[in-house]
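Asks: Take this sequence and fold it.
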Amino acid sequence: MEQEAHMKICVYGAGAVGGHIAGRLASSQAEVSLIARGQHLAAIREHGLRVETRDGELVSHPVATDRPGDLEPQDIVIVAVKAPALPAIAEHIASLLHQDSLVLFVMNGIPWWYFHSHGGDLDGTHLQRLDPGQALWDKVGPERAVGAVAYTACSVVAPGLIRAENPRNRLVLGRPDGRADDRLDALASLLNPSGLEVTVTPKIRDAIWAKLLMNLIGGSLAVLSASPMKDVLDKPAVAGTAKAMAAEGAAIARALGCDPGDPYEGLAKLAKSGHLQSIAQDLQAGRPMEIDAMFRVPLDLADWKQVPTPNLDLVIELATQRARAAGQYQDTPS
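Replies: Numbering: from 1, shown residues only. Alright, predicted model coming up:
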């Protein structure tokens, strides 16, 4: 496809997930650049971006900078920055865009653009917790946004070095309005040969909820237990509560018109996972945590739709308090 060869793609935030995607993209015909910072940026500039996969190491030398303004406008910007940091970089993302650019937000939880082109009584609702002051809504624009759900267990092992632990890595993409888009198909055909399976869906919110159910359970229990789920969900008392949490999460999704799939199927996979959930890694590393996007906003939505969530309420309140006590979460108004 002619379009692929000339696509300019910038990965904003070359941490575990962004670096992994950038490393996969580097073997394609696209022009790839990265926004990174600190030691990570220095290591990428000096030794290249290194991604360890089950099939061997990918080494690439993309243009890397901590100054978005130095780059030309991009066709696609893939933003892989944790949700709490997004409002502060809205202006920098905007500086990378031309009239027709798309911005993919690869993130966990409910995205800031969730109700754009949603339809129904909540259409166009602005989520204040996720986008205070409407910085993203006004500077990037929800009409440019593309949802992206990643199934890649990745971690930054050392500056410039990322390890992808899963044998199978997937990325689900979709526009909020559900329309097909040639640029997303082009991106999929760039990434698929690299070993990152990309599917484009007209129902991205279903995909968001399917993963969110796992994060509501796995993320909150990992924050409380500092353990991978295989060491937590093997306890009958915890497994019973997790099952109730999964049912409550699915009820919120269905109340919003989404099909999250079979929540118990995801729970069975979670119970075998030896990977410490990323939000618990953030807690241990002293980084800001995605408490609002992954925990608080889903429960706000449950309130709006009057879905009872007693098990989620209890576990998430405790997990949120754990983050507050560590100084890694400050409440924002809903």
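Asks: which stretches of this protein have low pLDDT?
Replies: Filtered on pLDDT under 70, the chain yields the residue ranges 1-5, 334.
Asks: Domain parsing of the chain, as residue ranges.
Replies: With domains defined by automatic domain parsing, the chain comprises 2-202, 206-325.
Asks: Between these, which one is closest to Thr332.
Replies: Across the domains of the chain, the minimum distance to Thr332, taken as Cβ to Cβ, is reached by domain 2-202, at 5.0 Å. Placement of C-beta: from N, CA and C, glycine included.
Asks: how about the strand ranked longest in the chain as CSV, C-alpha atoms only?
Replies: The single longest strand within the chain, with elements called by DSSP state E, is strand 97-106. Presented in CSV, the C-alpha positions along strand 97-106 are these (Å, rounded to 0.1, in the frame of the first residue of the first chain):
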residue,chain,number,x,y,z
LEU,A,97,-0.6,17.1,14.4
HIS,A,98,-1.6,18.2,10.9
GLN,A,99,-5.2,18.6,9.7
ASP,A,100,-5.8,14.8,9.2
SER,A,101,-3.6,13.3,11.9
LEU,A,102,-5.0,10.4,14.0
VAL,A,103,-4.0,10.0,17.7
LEU,A,104,-4.1,6.5,19.2
PHE,A,105,-4.4,6.4,22.9
VAL,A,106,-3.0,3.1,24.2
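Asks: Mind listing the strands it pairs with, and their directions?
Replies: Partner strands and pairing direction for strand 97-106 (DSSP bridges) are strand 74-79 (parallel), strand 145-151 (parallel).
Asks: In the protein, which residue is most central in space?
Replies: When Cα atoms, centre = their mean is applied to the chain, the residue found nearest the centroid is Met107 (1.3 Å).
Asks: Around the nearest residue to it once chain neighbours are set aside, how many other residues sit close by?
Replies: Counting by Cβ to Cβ, 6 or more residues apart in numbering, Met107 lies nearest to Ala83, which is 5.4 Å off, once chain neighbours are set aside. For Ala83, the count of nearby residues is 24 (other Cβ atoms under 10 Å).
Asks: what's the lengthiest helix in the chain packed up against?
Replies: Counting residues, the longest helix found in the chain (DSSP state H) is helix 204-225. On a contact count with 3 or more Cβ pairs under 8 Å, 6 or more residues apart in numbering; DSSP states H and E, helix 204-225 meets strand 145-151, strand 169-174, helix 236-255, helix 263-270, helix 278-285, helix 310-325.
Asks: tell me which strands and helices the helix or strand following the second one is in contact with?
Replies: Going back to what we said before, that points to strand 169-174. Using DSSP states H and E, the helix or strand that follows strand 169-174 towards the C-terminus is helix 182-191. The contact analysis (3+ Cβ pairs under 8 Å, 6+ apart) places helix 182-191 against helix 2-6, helix 16-25, strand 74-79, strand 169-174, strand 196-200.
Asks: neighbouring contacts of helix 182-191?
Replies: With contact meaning Cβ atoms under 8 Å, 6 or more residues apart in numbering, helix 182-191 is reached by 1, 3-4, 7, 9, 21, 24-25, 28-30, 75-76, 102, 146, 171, 173-175, 198-200.
Asks: tell me the contacts of Val63?
Replies: Applying Cβ under 8 Å, 6+ apart, the residues near Val63 are Val32, Ser33, Leu34, Leu71.
Asks: Dig out what the second one forms beta bridges with.
Replies: The partner list for Ser33 in beta bridges (DSSP bridges) reads Cys10, Val63.
Asks: Next one: it from Cys10, what distance?
Replies: 5 Å (Cβ to Cβ, to the nearest Å).
Asks: so what sits against both of these two?
Replies: Any residue near both Ser33 and Cys10 by Cβ under 8 Å, 6+ apart counts here, and that gives Leu71, Gln74.
Asks: So for the two, which residue has more residues nearby?
Replies: With other Cβ under 10 Å as the criterion, Ser33 and Cys10 differ in neighbour count, and Cys10 comes out ahead with 28 against 23.
Asks: tell me the contacts of the more buried one?
Replies: Cys10 sits next to Val32, Ser33, Leu34, Ile35, Pro68, Leu71, Gln74, Ile76, Val77, Ile78, Leu96 when contact means Cβ under 8 Å, 6+ apart.
Asks: can we see that at 7 Å?
Replies: For Cys10, the contacting residues are Ser33, Ile35, Leu71, Gln74, Val77, Leu96, taking Cβ atoms under 7 Å, 6 or more residues apart in numbering as the criterion.
Asks: same check, this time on Ser27
Replies: With contact taken as Cβ under 7 Å, 6+ apart, Ser27 is in contact with Ser194.
Asks: where does it land in three-state SS?
Replies: Under DSSP: H, G, I helix; E, B strand; the rest coil, the three-state class of Ser27 is coil.
Asks: got the phi/psi numbers for it?
Replies: In terms of degrees, to the nearest 10, the main-chain angles of Ser27 are phi -80, psi 0.
Asks: on that earlier part again, any idea which of the helices and strands packed on helix 204-225 gets closest to Glu57?
Replies: When the helices and strands packed on helix 204-225 are ranked by distance to Glu57, counting by Cβ to Cβ, first place goes to strand 169-174 at 14.9 Å.
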